[in-house]
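Asks: compute the structure for the input listed below.
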Amino acid sequence: MKHLFYTLGLFLLICTISGCDNNDLLLSEKKLNRNIQRTWKFVLPTPSSDGQTVELWTFKDGTVTLKIKEKSLVDTITFLGKYSVDARFSKAYVSLSDFAFTGVNYLTPNSQVTELALNRRWDLVELDNPVLYLASTNDKGTLQSLEFVEK
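Replies: Predicted coordinates for the structure are as follows:
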């Protein structure tokens, strides 16, 4: 009888794992890191009606390159930071660090992201071609998110 319960429990576990629509929870850090390494276009939280600002984030080999282009400016603003991926059985995280916006009052007029808000560990909510969605709780307890589409 005891053997029957173990067999039934194992069967239910296998059915649960294989029945998941998205097995992101079972992905390795190596696979998640490989999937995030591309260029992503940041989806601004408040849509810009005239498309004046474009943010492109490139994740590659532990480095994040953030390029901001505003149509009213000639130059593209570039910031560098670092990232790392941490995968646990039930959650995956992307840690962003070393972003410094010295002498810049804002990232974009729409996002208002500061280095304090950006340099932290983010929950990897979704990494499914063509969407990358990160979420985190800031120091004040407010949920913030970064949503991207593949460029």
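Asks: and residue 63, what are its bridge partners?
Replies: Under DSSP bridges, the beta-bridge partners of residue 63 are residue 60, residue 82.
Asks: residues in contact with it?
Replies: 80-83 (C-beta atoms under 8 Å, 6 or more residues apart in numbering). For every residue, glycine as well, the C-beta is placed using N, CA and C.
Asks: can you check residue 80 too?
Replies: By C-beta under 8 Å, 6+ apart, the neighbours of residue 80 are 63-66, 98-99.
Asks: ChimeraX command to pick out the buried ones of these?
Replies: Selecting only the buried entries of the contacts of residue 80 in ChimeraX, with 16 or more other C-beta atoms under 10 Å as the criterion:
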select :64,66,99
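Asks: circling back: show the buried residues in the contacts of residue 63.
Replies: 81, 83.
Asks: for the contacts of residue 63, which two are the farthest from each other?
Replies: The most widely separated members of the contacts of residue 63, counting by C-beta to C-beta, are 80 and 83 (10.8 Å).
Asks: circling back to that earlier point, so can I have CSV of the contacts of residue 63 showing distance to residue 30?
Replies: Shown next, in CSV, are these (distance: C-beta to C-beta, whole Å):
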residue, distance to residue 30
80, 23
81, 21
82, 18
83, 15
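Asks: CSV please, covering the contacts of residue 63 and showing pLDDT.
Replies: Below are the contacts of residue 63 laid out as CSV (pLDDT from 0 to 100):
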residue, pLDDT
80, 92
81, 94
82, 96
83, 96
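Asks: pLDDT added to the contacts of residue 80, as a markdown table?
Replies: Shown next, in a markdown table, are the contacts of residue 80 (pLDDT from 0 to 100):
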| residue | pLDDT |
| --- | --- |
| 63 | 96 |
| 64 | 95 |
| 65 | 94 |
| 66 | 90 |
| 98 | 93 |
| 99 | 88 |
